[in-house]
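Engineer: Task: produce atomic coordinates for the following.
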Amino acid sequence: MRTEYGRALLEIGRDNDDVVVLGADTTDSLKTAGFGREFPDRLFNVGIAEGNMVSMAAGLAYSGKIPFASTYAIFLPGRAVDQIRNNVAYPTRDDRRGLNVKLVASHGGLSVGADGGSHQQLEDIAIMRAIPNFTVLVPADSASVYSLTHTMAKVYGPFYMRMARSKTTMVYDDNCDILPGKATILRDGSDCTIAACGITVAMALEAASTLHKEGISCQVLDVFSIKPIDDITLEQAARHTGRILTCEEHNTIGGMGSAVAESVSSSYPVIVRRVGVNDTFGESARDAQVPELLAQHGLSSINITKQVRELVR
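Structural biologist: Residues are numbered from 1 along each chain as shown. Predicted structure coming up:
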């Protein structure tokens, strides 16, 4: 994901001189250092000062630039929610709500592994979707990161996009075109809808394949756009399958599952069961142990399969 983010930024930067990039001592890790090598006067590494980074991005946006500010999810929004709310989301300029700042975080969720519970950000979706004017995105793979980075550069407004640290299973083709506000129907089905985001999308597809062999037909949605959420597609899914299972690498409180439940409760109420981290912190796990850590918190195709079986029965 980070590699494709860096590649997209380089392409965008070559086409638009107003694009600038900010980092907080993580430009190598976030793969934005290459942007700085090609455009040394358009990359700002502010050091371990995430609040300052967000405020600088707000000032650059107010001056007409298109800033992409990036670091780890535990620090953005973790350390900078005040600056995000009051310096980026709150201002209005030329009747436009919020400033044109793109916040991109990596290392979200449990899959950070060895960094441990203190650095496994499980609350960021809840925080960011509650802040007015922000668009919140959690892409499933590197191809969708590339596509959404290009989209963010073209569309005015404050964005938050969360990426995973680890390599991800490819869900989309390289030339995919996905847009904020629209969920992607990856698989049709009639017995249950599985709504996923981030790294759990691949798990959902694997679970749906297993369930198909058992005679259970599952629709799979990639709800990468948490805000705005695709109310129309979710209502259609609720009407068509009558039950929804959500899965995400995030606290079950306030995340994508909560957003889905809020949406269908207002249109066509059905049972919504949420799979995610159940109001607890994570713990350390070496890279080889990350799948075990995810499974411990129910984030596996095996558990998704089990939960769907129970829902259908």
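
Engineer: Adjacent strands (with direction) for the helix or strand bottoming out on mean pLDDT in the chain?
Structural biologist: For the chain, the helix or strand with the lowest mean confidence is strand 92-93, at a mean of 84 (criterion: mean pLDDT, DSSP states H and E). With DSSP bridges as the test, strand 92-93 is paired with strand 96-97 (antiparallel).

Engineer: How far off centre is stretch 237-257?
Structural biologist: For stretch 237-257, the separation from the chain centroid amounts to 15 Å (computed by CA atoms, centre = their mean, to the nearest Å).

Engineer: Same check on stretch 27-37?
Structural biologist: The chain centroid and the centroid of stretch 27-37 are separated by 20 Å, computed with CA atoms, centre = their mean.

Engineer: now stretch 86-99
Structural biologist: 22 Å.

Engineer: Low-confidence ranges, the stretch 51-200 of the chain, go.
Structural biologist: Counting by pLDDT under 70, the stretch 51-200 of the chain has no low-confidence residues at all.

Engineer: 90 - rerun?
Structural biologist: The stretch 51-200 of the chain contains residues with pLDDT under 90 at 92-95, 113-115, 166-167, 174-175, 177.

Engineer: hey, where'd the strands end up in the stretch 151-300 of the chain?
Structural biologist: Secondary structure of the stretch 151-300 of the chain, counting by DSSP state E, counting those that start in this stretch: strands at 159-162, 184-187, 192-196, 218-222, 225-227, 243-251, 271-277.

Engineer: Pull the contacting residues for residue 277.
Structural biologist: Residue 277 makes contact with 110, 122, 249, 250, 251, 252, 297, 299, according to CB atoms under 8 Å, 6 or more residues apart in numbering. No exception for glycine: its C-beta is placed from N, CA and C like everyone else's.

Engineer: Run the chain-centre distance for the helix or strand hosting residue 148.
Structural biologist: With elements taken from DSSP states H and E, the one containing residue 148 is helix 142-154. Its chain's average C-alpha position is 12 Å from that of helix 142-154, according to CA atoms, centre = their mean.

Engineer: and it with strand 218-222, angle?
Structural biologist: For the pair helix 142-154 and strand 218-222, the angle between their directions (axes from the mean of the first three to the mean of the last three CA atoms, to 10 degrees) equals 40 degrees.

Engineer: Buried residues of helix 142-154, list them for me.
Structural biologist: When burial is assessed from 16 or more other CB atoms under 10 Å, helix 142-154 yields the following buried residues: 142, 143, 144, 145, 146, 147, 148, 149, 150, 151, 152, 153.

Engineer: Regarding the residue nearest to the first one when sequence neighbours are not counted, what is its secondary structure?
Structural biologist: Right, the one you point to is residue 142. Using CB to CB, 6 or more residues apart in numbering and skipping the chain neighbours, the partner closest in space to residue 142 is residue 4 (4.1 Å). Following DSSP: H, G, I helix; E, B strand; the rest coil, the label given to residue 4 is helix.
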